[in-house]
Structure formats: structure tokens, C-alpha cells
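Peer 1: Starting from these lines, generate the structure:
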Amino acid sequence: VATQSSGSSGINAEYGALSVYSVFYGCVIADMATVAVANPHVPDIRSRRSPSSNAGRENVPMEVEETRPKDGLRSYYVAKIEELQSVVNEKSQDVRRLEAQRNELNAKVRMLREELTLLQEQSSYVGEVIKPMDKKKVLVKVHPDGKFVVDLDKSIEMSQVTPNLRVALRNDS
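Peer 2: Numbering: from 1, shown residues only. A predicted model of the protein is given here:
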């Protein structure tokens, strides 16, 4: 049962109809149908009488015939939400794929920068191993400059170093 007050919005006094609104996920949605109002004080549509006969009355109870909307609207929004969730999942997978590609490219750029810094350093001397001197020292002959006793790098084992082996000397050693 609804009440009618003078000047209330949502009630069509001339046609005796009440518009029904549904709230779904925070949005107000007008229903497709209007609810018929059974009130003897509201003029009939066919008679086209003026609504002035109701002017002095306040809070007159009215009976409202309620019809529940079918699940069509709810199923529409559920399907729409599922569709949008699948779009969000696809986009998040794309983001992860692109982040992985970015990380790979950043690693390549980092390696190229390191290589450039190594190329910009002063050049190394190239020589031949004459003989191993100690566990960590080797006698190396550099052709124009002479012979040098040098230390082995940590990554090189003494068993790998043999006479007449060509080696590169770092500038700082």
C-alpha cells in the first residue's frame, strides 16, 4: 500500500500509475512497466477528469499492484559482469606478458652497457705463457714490451695454463 501526498513525485495522478524503480549495484534503473494504482480518488484514464478533486486530500492510502520484474535484468547484468571480468583477466595477462618482455629487454640493455664500458677501457696486452712460476703466478712474454710475471684470475685454474698458450693481460694487473 502506497500513500499519495499532494505534489509527490513518481505518482502520475492523471493516469493513476506509479513508476517503479529498481536499484542494482548502486544505479537506479527504471523498470520497463509501470504499476497500476487502484485508488477510487484518482480519475480514470478514459474519463479524463481533472485531478482537482484530489487537491484537498493528504496521505490517502492507495493499493499498489506489485509485479516483480523477471530475472532478465539480473541475468543481463550478471552476463555483462562476467564478460567484463574476462576482459579484465585478458588485460592483466597482457600486462604480465608485457612486463616480462620489458624485463628481458632491460637485461639485454644492461649487458650491452656493460660491454660498452669494457670496450671503452684501455686495450689489453696479448702475450704467450712461457712457464708457470707459482700456484698463482705465470711468466708471460709480450712481444714488443718484454716478459712479465703476472697473477692468474680467480676464474682460471693453473691446470688450464700451459706453455705457448696465448693469454690477454688486463691493464690493471
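Peer 1: which regions of the protein sit below the pLDDT cut-off?
Peer 2: The model of the chain has pLDDT under 70 over residues 1-70, 172-173.
Peer 1: Which stretches in it count as strands?
Peer 2: 2-4, 11-12, 17-24, 27-38, 60-64, 125-132, 137-142, 146-151, 166-169 (DSSP state E).
Peer 1: Which positions within stretch 134-153 qualify as buried?
Peer 2: 138-140, 150, 152 (16 or more other C-beta atoms under 10 Å). Just so you know, the C-beta spots here come from the backbone N, C-alpha and C atoms, and that holds for glycine as well.
Peer 1: which one is Gln122 nearest to, not counting chain neighbours?
Peer 2: Asn171 (4.7 Å; C-beta to C-beta, 6 or more residues apart in numbering).
Peer 1: Columns distance to Tyr76 on top of the buried residues of stretch 134-153, output as CSV?
Peer 2: Putting these into CSV (distance: C-beta to C-beta, whole Å) gives the following:
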residue, distance to Tyr76
Val138, 81
Leu139, 87
Val140, 82
Val150, 80
Leu152, 76
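Peer 1: among these, which two are most distant?
Peer 2: Largest separation among the buried residues of stretch 134-153 by C-beta to C-beta: Leu139 and Leu152, giving 11.8 Å.
Peer 1: returning to what we had before: between the buried residues of stretch 134-153, which sits nearest Tyr125?
Peer 2: For the buried residues of stretch 134-153, the nearest to Tyr125 is Val140 (8.4 Å; C-beta to C-beta).
Peer 1: what bridges to the closest one?
Peer 2: Val129, Phe148 (DSSP bridges).
Peer 1: residues near Ile130, how many?
Peer 2: Number of residues near Ile130 (other C-beta atoms under 10 Å) recorded here: 16.
Peer 1: I misspoke; the intended subject was Val161.
Peer 2: 15.
Peer 1: same check, this time on the one 3 residues further on
Peer 2: Applying other C-beta under 10 Å, we find 8 other residues in the vicinity of Asn164.
Peer 1: Report how many residues lie close to the nearest residue to it once chain neighbours are set aside.
Peer 2: Spatial nearest neighbour of Asn164, chain neighbours left out: Glu128 (5.8 Å); criterion: C-beta to C-beta, 6+ apart. Glu128 has 15 neighbouring residues, counting by other C-beta under 10 Å.
Peer 1: so Glu128 makes contact with Leu165?
Peer 2: Yes - here Glu128 reaches Leu165: they are 6.9 Å apart, a contact under C-beta atoms under 8 Å.
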